[in-house]
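**Q** model the structure of this input:
(chains A and B)
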2 protein chains.
Amino acid sequence: MAFKTAFIFLFSLLYSSYSAPHPIHFFPSSLRPEVPSLSTQNELYETKYFTQTLDHFNFRPQSYQTFQQRYLINSSYWGGAKIKAPIFVYTGNEGDIEWFTQNTGFMFDNAPFFQAFLVFIEHRFYGESIPFGGKEVAYSNASTLGYLSSTQALADYATLIIDLKKNLSADGSPVVVFGGSYGGMLAAWFRLKYPHVAIGALASSAPILNFEDITSPYSFNNIITKDFRSESENCYRVIKGSWKEIEDTALQPGGLDKLRKHFRICENYISGNAVESWLATAYIYTAMTDYPTPSNFLSPLPAYPVKQMCSAIDNPTGENDTFTRLYGAANIYYNYTGNATCFDLNDGSDPHGLGEWAWQACTEMILPTDGNDNDSIFPASQYNYSDRANSCEAAFGITPRPHWITTEFGGHDIKSVLKRFGSNIIFFNGLRDPWSGGGVLQNISESIVAIVSSEGAHHVDLRFSTNEDPVWLKKVRRREIKIITKWLKQYYEDIANPFMMQADPRPGSTGPDGHA
Amino acid sequence: MAFKTAFIFLFSLLYSSYSAPHPIHFFPSSLRPEVPSLSTQNELYETKYFTQTLDHFNFRPQSYQTFQQRYLINSSYWGGAKIKAPIFVYTGNEGDIEWFTQNTGFMFDNAPFFQAFLVFIEHRFYGESIPFGGKEVAYSNASTLGYLSSTQALADYATLIIDLKKNLSADGSPVVVFGGSYGGMLAAWFRLKYPHVAIGALASSAPILNFEDITSPYSFNNIITKDFRSESENCYRVIKGSWKEIEDTALQPGGLDKLRKHFRICENYISGNAVESWLATAYIYTAMTDYPTPSNFLSPLPAYPVKQMCSAIDNPTGENDTFTRLYGAANIYYNYTGNATCFDLNDGSDPHGLGEWAWQACTEMILPTDGNDNDSIFPASQYNYSDRANSCEAAFGITPRPHWITTEFGGHDIKSVLKRFGSNIIFFNGLRDPWSGGGVLQNISESIVAIVSSEGAHHVDLRFSTNEDPVWLKKVRRREIKIITKWLKQYYEDIANPFMMQADPRPGSTGPDGHA
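**A** Numbers count the residues shown, from 1 in each chain, chains lettered A, B, ... in the order given. Coordinates of the predicted model:
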């Protein structure tokens, strides 16, 4: 077996194959996606900076260093401190906060209804929120990168929110946190660890159970397999059978040239593994973003892109050999705009600044996702922690702590642990999202609830609503809004605040998203 | 005003007067208390060591350093992993864990009833649990001391408990945490932050609300005032009037000699301030340990020592001037054994290893307790954060983070924050304990409850039971046992475990403490 589907990052486009000399980066520069063309984009947010403490948990002289943490705000919908109108905070994940903000329309769509102040906080070591004066020093080695951790990020958020509320004289305004993917994990954990700062959390597509042996290491790729297989059995079989064909071709004399020509790979680096990784990446991220409407999150894509890929495989244009079929599929992910002249397997561009996830995936974020059973659409393989540990030692000179996340945040027996502890968390998962296998898929208690959508992909609920949204998606959002409304009502009742939520979105009524 | 009642440590005997050249340490070596003479002491526990991570929250190469953390166990009462018998863990506070263990008889007294495994974990940087190979390096400066923090200690406990359960093959055994004073704060916070590790917490005399402006800075000394005043108005007036008399005497020619003679101060360091601090320390710690039975926690003391002190003041032997009265009172705290030849104001001994609390009180543990209003038994004074900050800068070269504890653990509006969040915490407070003002004195929810005893002192409930215990104390303990029993029952029901608690301590029945 020549390549492994390993090191899948939550959002990241890095896709590493252990046998390749370097991790392979995507988005050939010729194909970088446009920033989403939002008509209101200039009005979406203002940019602010907060002087943040480098190390919250120690008191060494070095711990007192600070950095400028970026956060984006929109106060235009806010009802104000006087009526204790709520503050909605996005707990930023592993990339540029502007990108996440532009893909979290749910908060903008519903801010008017809730009269909410919107805040989007950038995660330390991403975007512009870089300690040590900049990336050159911050990213240079483990001594500086070592301050990049989830617990520090959560403490950043608590510190910033408390300060912001003080500055707004809005001590009584309830905070609800939102996040998708790793940001959703942070949102859920934030509610659990900082209940005095946030009254509730919407954690969308947050695989908080994808640690240790809580979730099967085959789950992630099995869901991708199911996604493609659900479109057509032939599509699944073609992809499943293609790996050996690629490997065999690569080993033939002139085989790499043949692959280069078939897949329009640019005239530089190529290898069989690299082509396989390039294709696998397309399948994986298309499955993750298998949205019901056209989107431009990881890549510009049509609606239902997995269906489109399988359609390209099942009904190829021109030749009908395997490579032509696969090229058609890959072209949907890598070249939906149709502008590509060739694809650069060696392209290291990272338009959303996701690269430092590699550090997190080598320290605490040990999510075993790269097992493939015999039915997998990818070649069969075992999850192997040692491989990860070795490559992390080689890359950063540090050893992962694979048990830290469950030590700090739990995960085992979550149902009995949280049945009588905690409250006010929504876990949304779409079952077409490969990460859903590591999500919370069952209600834990009356107020720690799972919303599961069989047709949904990665945090689809958080996206801007459109006129083409299917009914199931509108229902999901309406349910989320209803639950959040309940939290806020309860909060105001508990503090005996005269300001009470009057509106109550009901199915059938004109919902707050304007699309009921 | 010549001295301030400042820098009161939770358990610590350090008592600093800002105007004195050095903090004044107590327990003259001639007067060091005996280790409590427990007949079963040799069988109380076995000593173990755990290889603990220095820095849980960062991933710098330095973070991976380890140290040997001491913990004490007693497995003789345990029902075993097979029946998922519980594990009771004491979350160690700022001193030698053996000392706390010997003063937490409650866990031993009740282990047989619960068939509980007992664990007492030493707090990092105290006792034998010293990073960096020993105190010489660990205590040398802020770069090493900087790893002494409450959040690191809590993560230590989580890490150790998870590992211990794994080694005992006792994954299903529920853990209940116990702690008194700072250890009680840690127990409560541990349940809140690590609900996946502990199903409940008994937090005894835990002043988790004694931060920022949540509790009045006059509260601590007002309770001491009330304690003495409740014994006799004359006692209060004599002490209250004595400070000026001491200061005036110290300024007279030969005045210090007069003080030395009156108070049997040894032939070395003396000053008016030092005598005042020495006396204030006696009043403060006697109020804290105003137990209903003879004790030897901070110092060997008779039952109801505040009453005894006031009796010495109200009915002096020999002369009846102020100094003779005060000497009689001080003698109860400093010389109950009657062996002292003189008292050394300059004695720096620290038999329980509490010294590093000075670091904690200069970083995160900013508990404003040293205000004195006009009615205080001590001279009137304002709480002044700047004084603390300046002395901390001078002592350690670091600035406190006075808002960190409430950022990390909350405290403001605790009732509304925890009303619908969290469960299974008992907050015990005795209202004669000066720390009770910063404790949780009202029920927060059905399972986050306050047990308040008007006659109790500092974590009196956790002490070994005796035949002389008053009825109110027996009732407090029985209620605690009943609540813990309920937690365990619920846990076993939730996991559908066949082993259910059969016994149910009821008032009137033979209680598990054997003293009903």
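
**Q** if I look at A:Pro434, how far off is chain B?
**A** Noted for A:Pro434: a distance of 25 Å to chain B, by Cβ to the nearest Cβ, to the nearest Å. Quick note: C-beta positions are derived from backbone N, CA and C, even for glycine.

**Q** let me know the pLDDT of that residue.
**A** What the model reports as pLDDT for A:Pro434 is 97.

**Q** who's in contact with it?
**A** A:219-221, A:223-224, A:227, A:284, A:287-288, A:369 (Cβ atoms under 8 Å, 6 or more residues apart in numbering or on different chains).

**Q** by neighbours, which of those residues wins?
**A** Counting neighbours by other Cβ atoms under 10 Å in any protein chain shown, the top entry in those is A:Phe220, with 31 neighbours.

**Q** from memory it sits against A:Ser436, does it?
**A** No: counting by Cβ atoms under 8 Å, A:Phe220 stays clear of A:Ser436, with 9.3 Å between them.

**Q** now the common contact residues for those two.
**A** In contact with both A:Phe220 and A:Ser436: no residue, using Cβ under 8 Å, 6+ apart.

**Q** any chance you could map the strands in chain A?
**A** Using DSSP state E, the strands of chain A run over A:46-53, A:66-74, A:87-91, A:117-121, A:175-180, A:200-204, A:295-296, A:300-301, A:425-430, A:448-453.

**Q** what's the burial count for A:His403?
**A** A:His403: 16 neighbours (other Cβ under 10 Å).

**Q** what does A:Gly79 give?
**A** A:Gly79: 16 neighbours (other Cβ under 10 Å).

**Q** A:Gln115 is in contact with that one, correct?
**A** Yes: when contacts are counted by Cβ under 8 Å, A:Gly79 is listed as touching A:Gln115 (3.1 Å).

**Q** overlap in contacts of the two?
**A** A:Ala85.

**Q** setting aside sequence neighbours, what's the nearest residue to A:Thr47?
**A** Among residues not flanking A:Thr47 along the chain, A:Leu72 sits closest, at 5.8 Å (Cβ to Cβ, 6 or more residues apart in numbering or on different chains).

**Q** who does the one you found bridge with?
**A** A:Thr47, A:Phe120 (DSSP bridges).

**Q** that one is in contact with A:Val119, isn't it?
**A** Yes: A:Leu72 lies in contact with A:Val119 (Cβ under 8 Å); the separation is 7.3 Å.

**Q** of the two, who's got more company?
**A** More neighbours surround A:Val119 than the other of A:Leu72 and A:Val119, with 27 against 21 (other Cβ under 10 Å).

**Q** how many neighbours does the residue nearest to that one when sequence neighbours are not counted have?
**A** Counting by Cβ to Cβ, 6+ apart, A:Val89 is the residue found nearest to A:Val119 once chain neighbours are left out, at 4.6 Å. When neighbours are counted by other Cβ under 10 Å, A:Val89 registers 29.

**Q** what's the spacing between A:Ser63 and A:Leu431?
**A** 43 Å (Cβ to Cβ, to the nearest Å).

**Q** of the two, who's got more company?
**A** A:Ser63 (22 against 18).
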